[in-house]
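Chemist: My questions concern the predicted model and sequence given below.
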Amino acid sequence: MALLLPVDIHSIKGFMEPVEGEALHDTALSVAHLGPVMEIGSYCGKSAVYLGTACKAQGALLYAVDHHRGSEENQPGWEHHDPDTWDTQAGAMDTLPFFRATLRRAQLEETVIPIVTQSRLAARHWNIPLSMLFIDGGHAREMAMTDYRGFSPHVMPGGILAIHDIFADPEDGGQAPHEIYTLAVNSGLYAPLKMVQSLGFLRRVLV
Ligand code: SAH
Ligand code: MG
């Protein structure tokens, strides 16, 4: 059966294919009764609608970490820049108003908790076990590594780690998400579950 979302998903700017989003939703739905979900990298809220809708159905919360200033490839002059997101007063991108409007339209304001800061700051005192962690923030090597190191230790046994933009072939895209995916597998703490386009799912083993 086709997934019914509370909002027209195509009206939300973002970087997530419907088939990937549906996999995110279904996976979150299967674990969110265990605890809160976190996403790193919200942009205008596309993935947050998929994850948040699943969390809402399970009475869980979604923490959504993003400084809302855009990744490298979202900046002016880069491939994924959208001039609508430019804040002239700040002289920088600002996707927070779009994200906020998405949460309101999708009736997710009591489900999604935006954390508007750099992921390394959000990680510093983080101590809440997560039923699922979705990493889709900065794709530079150092940032992907910071996200993996900072938050993956908080995924609970039996919980899910999902990583977006995994490309085995460097011709297809940057290698940082693939590197942290490989780190997770080699750690022995995660077992690969499935791959949906460039979205990889792993399950934290029960130890
Ligand atoms: N998941 C989104 C797309 C995310 S794009 C969707 O479904 O459309 C990547 C996002 O990560 C951008 O919004 C950017 O602002 C954010 N980001 C990049 N580096 C970050 C960092 N170090 N800390 C917090 N957010 C970051
Ligand atoms: Mg992505």
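Modeler: Arrived safely, thanks for sending. Numbering: from 1, shown residues only. Ligands and ions are numbered 1, 2, ... in the order given.
Chemist: Quick check: the gap between the residue of the chain most remote from its centre and H81.
Modeler: Centroid-distance maximum for the chain: Q89 at 27.7 Å, with Cα atoms, centre = their mean. Using Cβ to Cβ, to the nearest Å, one gets 18 Å for the distance from Q89 to H81. C-beta coordinates here come from the backbone N, C-alpha and C atoms, glycine included.
Chemist: Equivalent analysis for P192, please.
Modeler: Applying Cβ to Cβ to P192 and H81 gives a distance of 33 Å.
Chemist: Look at these two and report which has more neighbours.
Modeler: Higher neighbour count among P192 and H81: H81, with 15 against 12, using other Cβ atoms under 10 Å.
Chemist: Can you show me the strands along this structure?
Modeler: Ranges of strands in the chain, per DSSP state E, are 37-40, 62-65, 86-87, 92-93, 112-115, 130-135, 155-163, 190-196, 199-204.
Chemist: Reformat these as a markdown table; add distance to H25 and mean pLDDT.
Modeler: Shown next, in a markdown table, are those (distance: least, Cβ to Cβ, whole Å; pLDDT from 0 to 100):
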| stretch | distance to H25 | mean pLDDT |
| --- | --- | --- |
| strand 37-40 | 11 | 98 |
| strand 62-65 | 11 | 99 |
| strand 86-87 | 30 | 98 |
| strand 92-93 | 27 | 98 |
| strand 112-115 | 14 | 99 |
| strand 130-135 | 11 | 99 |
| strand 155-163 | 11 | 98 |
| strand 190-196 | 11 | 98 |
| strand 199-204 | 12 | 98 |
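Chemist: Any chance of a markdown table for these, columns distance to ligand 2?
Modeler: Listed next are the strands of the chain as a markdown table, based on distance: least, Cβ to the ion, whole Å:
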| stretch | distance to ligand 2 |
| --- | --- |
| strand 37-40 | 10 |
| strand 62-65 | 14 |
| strand 86-87 | 20 |
| strand 92-93 | 16 |
| strand 112-115 | 18 |
| strand 130-135 | 9 |
| strand 155-163 | 9 |
| strand 190-196 | 13 |
| strand 199-204 | 8 |
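Chemist: Can I get those strands in JSON lines including distance to R104?
Modeler: Listed next are these as JSON lines, based on distance: least, Cβ to Cβ, whole Å:
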{"stretch": "strand 37-40", "distance to R104": "18"}
{"stretch": "strand 62-65", "distance to R104": "14"}
{"stretch": "strand 86-87", "distance to R104": "19"}
{"stretch": "strand 92-93", "distance to R104": "20"}
{"stretch": "strand 112-115", "distance to R104": "10"}
{"stretch": "strand 130-135", "distance to R104": "21"}
{"stretch": "strand 155-163", "distance to R104": "25"}
{"stretch": "strand 190-196", "distance to R104": "28"}
{"stretch": "strand 199-204", "distance to R104": "26"}
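Chemist: Thank you kindly, that will do.
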